[in-house]
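*Asks:* Predicted model follows, preceded by the sequence.
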Amino acid sequence: MTKLSVNVNKIATLRNSRGGNVPNLIKVVQDIESFGAQGITVHPRPDERHIRYQDARKLKEVVTTEYNIEGNPIQKFIDLVLDVKPTQVTLVPDAEDAITSNAGWDTLKHRDFLIEVIATFKQKQIRTSIFVDPDVKMVEGAVQTGADRIELYTESYAEAYGKGNLKGIDPFIKAAKTANKLELGINAGHDLSLDNIEFFKEHIPNLLEVSIGHALICESLYFGLDNVVKMYLNKLK
């Protein structure tokens, strides 16, 4: 079964919009795990507009499933991850002013940098994953960095699927087969939803984990958080 890691950035965004501590991020995370999620993901950004660095540290004391911290490996982020020691760190090349992640790594151009950063994390026994586009060359480059996994950037798939274009899955299948051949673990995330997750799961061999935040929280407005987590788990079986 593919594991579901719930990205709770949007919970923090809602809390921050009014100040105070409503909703209580810690309680929501505990509830999400009790509903059956097998992981929690946070993506702190330098401006701390949603998840704060302090949140990432506090959650380490609470999360009982897998804990994934993702972000651009600037020095402040590297220091945070080394301090918290999550289950997994996912490296994402997003600009400081980016609204959301919008591209994967060029693993060839940035190979030396990624090798150095990943080695630092692996010395602390932190599993490493690299955010990549569904490009065979980028997957082949990822294995040279020493990463344990890749996270396939799925926005193009979600957009194509929403338009009824099922061929949008094809580059992801090719990338996944390459990763399997190179013994790289496969995660996926970005714009995956209840509408498109099952088709993706069925066609990607050995998909280990999906990280879902925005869609899951939006869907929960209608169906409730408990129900939505269970709906995802059912589709990922």
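*Replies:* Structure received. Please read all numbers here as calculations on a predicted model, not as lab measurements.

*Asks:* ok, which stretches of this protein are helices?
*Replies:* Secondary structure of the chain (DSSP state H): helices at 9-18, 25-34, 53-60, 75-84, 111-122, 136-144, 155-162, 170-181, 197-203, 214-223, 225-235.

*Asks:* Only alpha carbons, please: show stretch 52-63 as CSV.
*Replies:* What follows is stretch 52-63, C-alpha atoms only, in CSV (Å, rounded to 0.1, in the frame of the first residue of the first chain):
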residue,chain,number,x,y,z
ARG,A,52,6.9,28.2,11.2
TYR,A,53,10.3,26.8,12.1
GLN,A,54,9.1,26.5,15.7
ASP,A,55,6.2,24.4,14.4
ALA,A,56,8.6,22.0,12.7
ARG,A,57,10.5,21.6,16.0
LYS,A,58,7.4,21.1,18.1
LEU,A,59,5.9,18.5,15.7
LYS,A,60,8.9,16.3,16.1
GLU,A,61,7.7,15.7,19.7
VAL,A,62,4.2,14.8,18.5
VAL,A,63,4.4,12.9,15.2
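
*Asks:* State the mean pLDDT of that stretch.
*Replies:* Per-residue pLDDT over stretch 52-63 has a mean of 97.

*Asks:* ok, and what's touching it?
*Replies:* 12, 25-26, 29-30, 33, 40, 42, 44, 67, 69, 76, 80, 83-86 (CB atoms under 8 Å, 6 or more residues apart in numbering). All C-beta spots, glycine's among them, are computed from the backbone N, C-alpha and C.
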